[in-house]
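Peer 1: Here is my input; please provide its structure:
(chains A and B)
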Number of protein chains: 2
Amino acid sequence: MAERTPLLPLLRTYVERDSTVAAQVLEAMSVPDAQEVMNLMPPSVAAKIVPHLQVSFAAALLQTATPELIKAVLKKLDAKRVVSLLAQLNVEDRERIVPHLTDQLRFELKEQLEYPEDSIGRIMTRQFLSFHQDTKVQDVTRKLRLLAKKQPPASYVYVVGEADRLVGVLNMYGLLLASPEQPIHDLMRSEIFALDGFTSQEEAAAELARRKYFAVPVVDGQGHILGIVRGQDLMQELQQDVSEDLLRMVGVDTDERPFSPISFSLRKRLPWLHVNLVTAFMAAAVIAMFEGLIAKITVLAVFLPVVAGQGGNAGAQSLAIVMRGLVMREIPSHRRKQLVLKETVLGATNGAVTGLVTGILAWLLYGNPTLGLVVGLGMLVNLLFAGMAGASIPLIMKSLRLDPAQCASIILTTVTDVIGFLAFLGFALLFRNQLM
Amino acid sequence: MAERTPLLPLLRTYVERDSTVAAQVLEAMSVPDAQEVMNLMPPSVAAKIVPHLQVSFAAALLQTATPELIKAVLKKLDAKRVVSLLAQLNVEDRERIVPHLTDQLRFELKEQLEYPEDSIGRIMTRQFLSFHQDTKVQDVTRKLRLLAKKQPPASYVYVVGEADRLVGVLNMYGLLLASPEQPIHDLMRSEIFALDGFTSQEEAAAELARRKYFAVPVVDGQGHILGIVRGQDLMQELQQDVSEDLLRMVGVDTDERPFSPISFSLRKRLPWLHVNLVTAFMAAAVIAMFEGLIAKITVLAVFLPVVAGQGGNAGAQSLAIVMRGLVMREIPSHRRKQLVLKETVLGATNGAVTGLVTGILAWLLYGNPTLGLVVGLGMLVNLLFAGMAGASIPLIMKSLRLDPAQCASIILTTVTDVIGFLAFLGFALLFRNQLM
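Peer 2: Numbering: from 1, shown residues only, chains lettered A, B, ... in the order given. Down below sits the predicted model:
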């Protein structure tokens, strides 16, 4: 294949110098175009680009990859990357890749898959250095020198004691400045911060950011070190995770990307639009209940979107604050009730203020003070429930161990539409004699 | 103050062992309670907690801090932290803090403030190690040993050449394994990846995550190294930044936190609710235009929320995909038009499918095929515009150099409400003879 274009030697140099540039260029292409480019390059060059691609894009490219390319790619990836890659593929494509796995990778994969999906167990690396606490600095250095060709440069060395339990951590800086005869026990920091493999990636990221660490050891229940999680790996996950909430809230699949093919987007979005349709019909049913009243007092129809829209926005404010609070871990579980109460009071207060404004406007526009009263009261009730619902939905989802973001905004709109119409048209029914 | 409670020695031990725990406990308290706790502790202990607090919370606590505490806190912070802290304070509180700054900090602050708000210049640290390329490994080690007491352990050493320009980078690992007589020029990696201080934090985070680096040098136009940005610092910024989009989209101030006082939240949210009110009245005005028609055909009122709600959700899907694409840097500027076109086509297709479903349902429910046609056509037109608006709003905002998230969802709802009502009621007017 290499003879097909004279540009290849140049391209190879560029890819080898900085494969992230190639990754960015490829990601801006459509999948078929990028697949073609990948297949035109020698497998060893193309494989260098894959670790820098976003996982979903890499998975898409591998669907048409030759066995040579697959083999070359697998050489460049560690277990955690392979797991996320396989997770993105359908069964057939997965079966094309699995036979090329090395035994070592296969074993690591099995271990990795025992951890839940968003846990650090899934993204930890098993490439770490550990030494017994009695080892002398010079022996560590000698060992590191031997390993240097095989392993990428590390920043920490982990120290284990009796029964291979993690007892300390040592950075290269400390090692560099120590005298050769010292046992590493004397140099290590023994206050270790470690996490277990089931810790969520969000939690680990928050801890690393707070403590200003760039890697943290992962230990089992007995304190044995299993691997390390690095900040730079978490960062990518984090950037994806946090922004995925936004997608899930409105019913978009997290695999969808700006330039996904239309057929893919349709398949992913249409089901949620139909869920939304069911909820929209619920709101319509409420209006239908009051059809007779609206026939007599048509102006009520005019104020329907004002009451419902305001509730929707106020609810979305509460939802956003709580969703972000959950991501940033600012909401201890014993204070959840207090938060819902606060948002409810806030909603009621916002409802009272904007209800008053809207009521006065309605009165002025239509010369009917009762219309103003009905609109204002409807808004007050709706915003009270909007605040309550906006705060409760993600908290309830979380305590049910569901994804707090999943279609939260669709559920919220249902609540604010249904309650808004019920309250507004209910008050209108109550005061119908003064309205006509 | 220390004698006021016998618990202090114990507390001091705990805070010194792990001040992040104290930070988390304080953050779960109300501001006045946390202020009281801070003032009860000896300043030197309380100051240890501050670097681990979220900046907005730290700023709130410092409002009632004694001069001793302020002095102690400033000793613990570097220039970039002080900048973000000062940015959160009002003028008076700032003036209470500024006199306590050391000259060095004052100089660094001035430099830091020359960079735009979301740039890495604002969060880079000036604590880095650089050596001339001819320095021998043993001299570097000797120098590091001297500095070890003053500086926190580093992971990289930067290498400068002629005119003090950055020419390479060297990790401690390489230094540890090198022979003492070698000049560092022979060891260094000379393909350096550097950023300038004006690079946005989001872009830098994306680059670090992609390249799996945990720190990157910041250089000026002549290639002189000015500082370094570390991944763990970016991570915190990143986590805040991405989730702040969610808040700005619905009109919530990014300083608001789950347990902010109600008065604060009211002050921040009410203005946006009034913006939303204006837009809701625009939608109401559209309905008012068709009031006569609705008086004759009341069933139209029933389908108003179905058409508008569906448009709102479809538009929010497009908005979410584009917002996330901007954050993840997946949208090259030359492909923006293509993206808007794609989302428009997608919206129209979604509109055709759900319009057909809704049309048939409306026909079956009310036995009137024309009602079905009108609802279906309204939905088609609304979802077409919803897709277009959802994709364009953040892109237009970005090209106007405005915040793409700011009240994007309020603008979008206006578009989908106004266009939805116009299209649906417009078609109803067109077919009014068959509808009655």
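Peer 1: okay, now A:His357: neighbour count?
Peer 2: Actually, residue A:357 is Val rather than His. 16 (other CB atoms under 10 Å in any protein chain shown). Glycine gets a C-beta too; all of them are placed from N, C-alpha and C.
Peer 1: pLDDT on the helix or strand hosting it, on average?
Peer 2: Of the helices and strands defined by DSSP states H and E, A:Val357 is found in helix A:336-366. Averaged across helix A:336-366, pLDDT comes to 95.
Peer 1: in it, what's buried?
Peer 2: A:336, A:339-340, A:342-355, A:357-359, A:361-363, A:365-366 (16 or more other CB atoms under 10 Å in any protein chain shown).
Peer 1: Spit out the contact partners of A:Asp139.
Peer 2: When contacts are counted by CB atoms under 8 Å, 6 or more residues apart in numbering or on different chains, A:Asp139 is found next to A:Phe131.
Peer 1: is it true that A:Arg122 touches A:Tyr115?
Peer 2: Yes: with contact defined as CB atoms under 8 Å, A:Arg122 reaches A:Tyr115; the gap is 5.1 Å.
Peer 1: picking that back up, any idea how far the helix holding A:Val357 is from the chain center?
Peer 2: Relative to the mean C-alpha coordinate of its chain, helix A:336-366 is positioned 33 Å out (CA atoms, centre = their mean, to the nearest Å).
Peer 1: any idea which helix or strand comes after that helix?
Peer 2: Tracing the chain past helix A:336-366, the next element assigned as helix or strand by DSSP H and E is helix A:369-399.
Peer 1: Any buried residues in that next one, and which?
Peer 2: Along helix A:369-399, these residues count as buried under the neighbour rule (16+ other CB under 10 Å): A:370-395, A:397-398.
Peer 1: which strands and helices sit next to that helix?
Peer 2: Counting contacts by 3 or more CB pairs under 8 Å, 6 or more residues apart in numbering or on different chains; DSSP states H and E, helix A:369-399 packs against helix A:299-327, helix A:336-366, helix A:408-430, helix A:432-435.
Peer 1: And the average pLDDT for it is what?
Peer 2: Per-residue confidence for helix A:369-399 averages out to 95 on the pLDDT scale.
Peer 1: Tell me what angle it forms with helix A:299-327.
Peer 2: Inter-element angle recorded for helix A:369-399 and helix A:299-327: 30 degrees (by axes from the mean of the first three to the mean of the last three CA atoms, to 10 degrees).
Peer 1: Helix A:369-399 vs helix A:336-366, what angle?
Peer 2: Angle of helix A:369-399 versus helix A:336-366, following the same axes, to 10 degrees, is 160 degrees.
Peer 1: what about the strands in chain A?
Peer 2: Taking DSSP state E to define them, one finds strands in chain A at A:130-132, A:156-160, A:166-171, A:195-196, A:215-219, A:225-230.
Peer 1: just the buried residues of helix A:336-366 that are near chain B?
Peer 2: Here is what survives when the buried residues of helix A:336-366 are matched to chain B using CB under 8 Å from any CB of the partner chain: A:Leu339, A:Lys342, A:Val345, A:Leu346, A:Thr349, A:Asn350, A:Val353, A:Thr354, A:Val357, A:Thr358, A:Leu361.
Peer 1: dump the residue contacts of the fourth one.
Peer 2: For A:Leu346, the contacting residues are A:Ser318, A:Gly387, B:Ile262, B:Ser265, B:Leu266, B:Arg269, by CB under 8 Å, 6+ apart.
Peer 1: Relative to B:Leu144, which of these is nearest.
Peer 2: Distance to B:Leu144, by CB to CB, is smallest for B:Ser265 among these, at 50.2 Å.
Peer 1: I'd like to know how far that closest one sits from B:Leu377.
Peer 2: B:Ser265 sits 42 Å away from B:Leu377 when distances are taken as CB to CB, to the nearest Å.
Peer 1: quick one, what contacts A:Glu108?
Peer 2: Per CB under 8 Å, 6+ apart, neighbours of A:Glu108: A:Asp78, A:Ala79, A:Arg126.
Peer 1: The residues you listed, buried ones only, as a ChimeraX selection?
Peer 2: Remark: buried members of the contacts of A:Glu108, expressed as a ChimeraX selection using 16+ other CB under 10 Å:
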select /A:78,79,126
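Peer 1: and of the contacts of A:Glu108, the nearest to chain B?
Peer 2: Distance to chain B across the contacts of A:Glu108 (CB to the nearest CB) is lowest for A:Asp78, with 11.0 Å.
Peer 1: Report the separation between that closest one and A:Thr102.
Peer 2: Distance, A:Asp78 to A:Thr102, using CB to CB: 11 Å.
Peer 1: Show me how chain A divides into domains.
Peer 2: Chain A is divided into the following domains under automatic domain parsing: A:2-114, A:130-232, A:262-435.
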